[in-house]
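I'll drop the sequence and a predicted model, then ask my questions.
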Amino acid sequence: MQDTLVPQAISTSQSITLTEHVFKQIQSAIVLGQIPAGSKISEPELARIYGISRGPLREAIHRLEGQRLVERTAHVGARVVSLSLQQFQELYQIRASLEGLACKLAAQHIDKKQILALRDVLRMHAEDENFKAGKGYYLQEGQDDFHYCIIKSSGNKTLEKMLCDELYHLIRMYRIQFSNTPNRPSKAWDEHIRILDAIAEGDGELAEMLMHRHINASYKIVEQTLLQTQGEHQHG
């Protein structure tokens with residue numbers, strides 16, 4: 001566990017507020033890689049870092065299990081998830097299919113106001129300093145995330161729950177930690193523009209195909225990095 005985790009001031013007025021705060025802090029640390037994949041979750045250490053009792057902490061960890069960021073195994077306890085190549089491949093197969101479907105549905109349901117909002121999101125991405133410097137893609141969450149906004153525009157609540165709730169932060173962890181591949185940020189932005197243009201024109205088939213290609217391109221980059229990392233561990 002790294003010492004870079006600096007907890008913000010916590011209000012102890014309500015345990016619900018406390019649990020929510022700690023949940024968000026640990027969630028962010030996992031997604032950003034500050035608590036690395038495969039790390040053991042030490043309740044005493046986290047309780048010390050965040051200055052809270054074990055009750056709210058356990059509730060936060062339970063919620064992280066629900067988001068698939070933490071997994072609990074017999075005789076080992078809780079660990080930050082570390083997907084095998086097979087599991088990662090399966091996750092991205094599901095992601096490509098479901099987000100492709102979200103694009104197809106968005107092309108049928110989206111209105112002009114939502115299209116303009118999405119164009120604003122992409123404009124904001126293009127103005128990000130790290131993006132302009134070629135250091136990485138702008139990866140904020142929720143309403144500032146292009147993928148999240150497309151899914152929300154699909155009009156399919158079951159799809160939305162799966163992609164914006166159950167799998168969102170697990171996918172986001174991989175998107176963020178592998179977003180600084182050289183030349184990939186500008187290509188990803190161009191691909192986003194083409195996807196949005198297809199949706200705006202009501203061409204659901206094209207939008208679906210473009211999103212498939214976009215996610216598969218991201219998958220190949222992460223796969224190469226994971227293979228390289230595994231190879232280094234085997235030879236280390």
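Thanks, I have the structure now. Numbers count the residues shown, from 1 in each chain.

ranges for the strands of this protein?
70-73, 77-80 (DSSP state E).

With respect to burial, which of those strands scores highest?
strand 77-80 (a mean of 16; mean count of other Cβ atoms under 10 Å). For the C-beta atoms, the positions are set from N, CA and C on the backbone; glycine is no exception.

Dump the C-alpha coordinates for that one into PDB.
What follows is strand 77-80 as a C-alpha-only set of coordinates in PDB (Å, rounded to 0.1, in the frame of the first residue of the first chain):
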ATOM      1  CA  GLY A  77      -9.200 -12.400   2.300                       C
ATOM      2  CA  ALA A  78     -10.000  -9.300   0.200                       C
ATOM      3  CA  ARG A  79      -7.700  -8.200  -2.600                       C
ATOM      4  CA  VAL A  80      -7.800  -5.600  -5.300                       C
END
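
Show me what that strand is packed against.
Using 3 or more Cβ pairs under 8 Å, 6 or more residues apart in numbering; DSSP states H and E, the elements in contact with strand 77-80 are strand 70-73.

Surely residue 99 and residue 151 touch.
Yes. With contact defined as Cβ atoms under 8 Å, residue 99 reaches residue 151; the gap is 6.9 Å.

Are there residues contacting both of those two? Which ones?
Common contacts of residue 99 and residue 151, defined by Cβ atoms under 8 Å, 6 or more residues apart in numbering, comprise residue 163.

nearest to residue 55, of the strands of the chain?
Across those, residue 55 has its closest neighbour in strand 77-80 (15.5 Å, Cβ to Cβ).

And that closest one, how far out from the chain middle?
Going by Cα atoms, centre = their mean, to the nearest Å, the spacing between the C-alpha centre of strand 77-80 and its chain's C-alpha centre is 19 Å.

And for it, what's in contact with it?
Outside of strand 77-80, the residues within contact range by Cβ under 8 Å, 6+ apart are 30, 35-41, 61, 65, 69-73.

Of those, grab the buried ones for PyMOL.
Entered in PyMOL, the line below selects the buried ones among these, by 16 or more other Cβ atoms under 10 Å:
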select buried, resi 30+35+37+39+41+61+69+70+71
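
could I get the strands of the chain as TSV with mean pLDDT and distance to residue 115?
Formatted as TSV, the strands of the chain follow (pLDDT from 0 to 100; distance: least, Cβ to Cβ, whole Å):
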stretch	mean pLDDT	distance to residue 115
strand 70-73	91	37
strand 77-80	93	38
